[in-house]
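Engineer: I would like the atomic coordinates for the input below:
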Amino acid sequence: MPDLKLDSKLIKPIQRVLEPYEGRMGRLGETIVAIVELTAVKRTDVYDGEEAAPTAHLRITALEVATRGQEDHLRRAQQAMHQLRTARGTLDEIHSTEDANRQLRFLADVVVDGGDA
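Structural biologist: The predicted structure is shown next:
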């Protein structure tokens, strides 16, 4: 796997999404929950025998920041996605993946409706 580097250059649409949160971003320890899309924008491969590792540069290409009311729902979605990713090959795989998929569908509806679960 290549070394991953997050490109610090923010494209204009991403800057506009983040502008309302400037005050929060400046406070140490402040957490902002968001859905992020990353795109590989550059890759550096190495030749056989070179000491360096290949690198891949990722850039934020889509971003939506959760409202305070949506943050817990997105965290639960993140936990369900983690459960899906790590359940493979376990004795509880079928139950875990069904439960996680059900949770993700439910949370998607809740976030869209703006309600509480």
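Engineer: make it CA atoms for all contacts and neighbour counts henceforth
Structural biologist: Noted.
Engineer: Pass me the low-pLDDT residue ranges in the chain, would you?
Structural biologist: 89-95, 114-117 (pLDDT under 70).
Engineer: Who are the contact partners of the spatially most central residue of it?
Structural biologist: Nearest to the centroid of the C-alpha atoms of the chain, with distances taken as Cα atoms, centre = their mean, sits Val36, at 4.8 Å. For Val36, the contacting residues are 60-64, by Cα atoms under 8 Å, 6 or more residues apart in numbering.
Engineer: Among those residues, the buried ones, what's the PyMOL command?
Structural biologist: Listed next is the PyMOL selection for buried residues among the contacts of Val36, using 16 or more other Cα atoms under 10 Å:
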select buried, resi 60+61+63
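Engineer: so of the contacts of Val36, which ones are in strands?
Structural biologist: Using DSSP state E, the members of the contacts of Val36 that fall within strands are 60-64.
Engineer: the domain parsing of this structure - what is it?
Structural biologist: With automatic domain parsing as the criterion, the domains of the chain are listed as 1-65, 68-117.
Engineer: doesn't Val33 make contact with Arg24?
Structural biologist: No - because the distance of 11.5 Å does not satisfy Cα atoms under 8 Å, Arg24 is recorded as not touching Val33.
Engineer: more crowded one of those two?
Structural biologist: Taking neighbours as other Cα atoms under 10 Å, Arg24 and Val33 compare with Val33 leading, 17 against 13.
Engineer: about what we covered before: okay, the contacts of Val36 in a markdown table with distance to Val110 next?
Structural biologist: A markdown table is the format used below for those (distance: Cα to Cα, whole Å):
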| residue | distance to Val110 |
| --- | --- |
| Ile60 | 25 |
| Thr61 | 25 |
| Ala62 | 21 |
| Leu63 | 19 |
| Glu64 | 16 |
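Engineer: and which of the contacts of Val36 is nearest Lys12?
Structural biologist: Distance from Lys12 was checked for each of these by Cα to Cα. The minimum falls on Thr61, at 9.9 Å.
Engineer: Who are the contact partners of the closest one?
Structural biologist: Residues in contact with Thr61, defined by Cα under 8 Å, 6+ apart, are 11, 14, 36-39.
Engineer: Using neighbour counts, give me the buried entries of the residues you listed.
Structural biologist: When burial is judged by neighbour count using 16+ other Cα under 10 Å, no member of these is buried.
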